[in-house]
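1. sharing a sequence plus its predicted fold:
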Amino acid sequence: AQTVTQSQPEMSVQEAETVTLSCTYDTSESDYYLFWYKQPPSRQMILVIRQEAYKQQNATENRFSVNFQKAAKSFSLKISDSQLGDAAMYFCASYQTSYDKVIFGPGTSLSVIP
Amino acid sequence: DTGVSQNPRHKITKRGQNVTFRCDPISEHNRLYWYRQTLGQGPEFLTYFQNEAQLEKSRLLSDRFSAERPKGSFSTLEIQRTEQGDSAMYLCASSLSQGHYGYTFGSGTRLTVV
């Protein structure tokens, strides 16, 4: 089975502060990939960051970084120096080669407070 | 390339009518995916194509739904005899080969069945 869980329906952060969004996943395979997608209001979904499961090093993209805990099947997203433009729905997602499609979690709505 | 294009952006239809949506993927991408997203939820997989071949259909896709990608380029998703439960955002995405690098999404078609 391939499932993705996000336990925080809503989060908020003060502008310029740091926030961490949680995600857990379940997979029966060793070959998989994890993603965080951002979906601003009424705008298209964009890929924020990607992690290959066989790599121990956590992925980073500018202000975005992940904490990949493979044994715990945890994949959290940290946003540093939060900006107003970071306000969006964030979806954690996984791709497992045998399933051959990306499965999404239910999402976390992030608000940024000026 | 202008990315993944979906038309129309919005569609309002009466219950029982048929509707068709179109997706134009990134030209060099041979994979094309359809997802459905209801308000406050993550995208749910519907079906996907590799070139013109439809590789998988979700159990969510009843026999009222049909998708085609006749020449391996654009795709259409048709819903026959629409029901109010079909109201959702229909997302199209494309990828080069398999999905382990993530997908590029279109802006979606928002369907409202009244």
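-> Yep, that arrived.

2. from here on, contacts and neighbour counts on C-alpha atoms
-> Noted.

3. not counting sequence-adjacent ones, nearest residue to B:L61?
-> Nearest non-adjacent residue to B:L61, counting by CA to CA, 6 or more residues apart in numbering or on different chains: B:L46, 6.1 Å away.

4. mind telling me what element that neighbour is part of?
-> Using DSSP states H and E, B:L46 falls within strand B:44-50.

5. relative to the whole chain's centre, how far out is that strand?
-> 8 Å (CA atoms, centre = their mean, to the nearest Å).

6. for that strand, C-alpha coordinates in CSV please.
-> Provided in CSV are the C-alpha atoms of strand B:44-50 (Å, rounded to 0.1, in the frame of the first residue of the first chain):
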residue,chain,number,x,y,z
GLU,B,44,-7.0,11.9,-6.1
PHE,B,45,-5.6,9.9,-9.0
LEU,B,46,-8.1,9.1,-11.8
THR,B,47,-6.1,7.8,-14.8
TYR,B,48,-2.9,8.2,-16.7
PHE,B,49,-1.4,7.7,-20.2
GLN,B,50,2.0,6.9,-21.6
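
7. after that strand, next one along is what?
-> Past strand B:44-50, the next helix or strand by DSSP H and E is strand B:53-57.

8. can you pull the buried residues of that next one?
-> B:54, B:57 (16 or more other CA atoms under 10 Å in any protein chain shown).

9. direction included, what does the helix or strand following that strand pair against?
-> Counting by DSSP H and E, the next helix or strand C-terminal to strand B:53-57 is strand B:65-68. Sheet pairing for strand B:65-68, assigned by DSSP bridges, gives strand B:75-79 (antiparallel).

10. pLDDT below threshold where in chain A?
-> A:1 (pLDDT under 70).

11. at 90 what do you get?
-> A:1-2, A:27-31, A:41-43, A:56, A:97-101 (pLDDT under 90).

12. which parts of it are strands?
-> Using DSSP state E, the strands found in chain A span residues A:3-5, A:10-14, A:19-21, A:24-26, A:32-39, A:46-52, A:60-61, A:64-69, A:74-79, A:88-96, A:102-104, A:108-113.

13. please apply the same query to chain B.
-> B:5-7, B:10-13, B:19-24, B:31-37, B:44-50, B:53-57, B:65-68, B:75-79, B:88-95, B:104-105, B:109-113.

14. and the fourth one, anywhere near chain A?
-> No - in this structure, strand B:31-37 remains apart from chain A according to CA under 8 Å from any CA of the partner chain; the gap is never smaller than 8.6 Å.

15. now do that strand: which elements does it pack against?
-> strand B:44-50, strand B:88-95 (3 or more CA pairs under 8 Å, 6 or more residues apart in numbering or on different chains; DSSP states H and E).

16. contacts for that strand, please.
-> Outside strand B:31-37, the residues that touch it by CA atoms under 8 Å, 6 or more residues apart in numbering or on different chains are B:25, B:43-51, B:75, B:88-98.

17. residues touching the closest residue to A:F104 other than its chain neighbours, list them.
-> Spatially, and ignoring its direct neighbours in sequence, A:F104 is nearest to A:A93 (4.3 Å; CA to CA, 6+ apart). A:A93 sits next to A:4, A:34-37, A:102-105 when contact means CA under 8 Å, 6+ apart.

18. just checking, A:F75 touches A:F68?
-> Yes - counting by CA atoms under 8 Å, A:F75 does reach A:F68; the two are 4.7 Å apart.

19. could you identify the most distant pair in the contacts of A:A93?
-> A:V4 and A:Y37 (13.0 Å; CA to CA).
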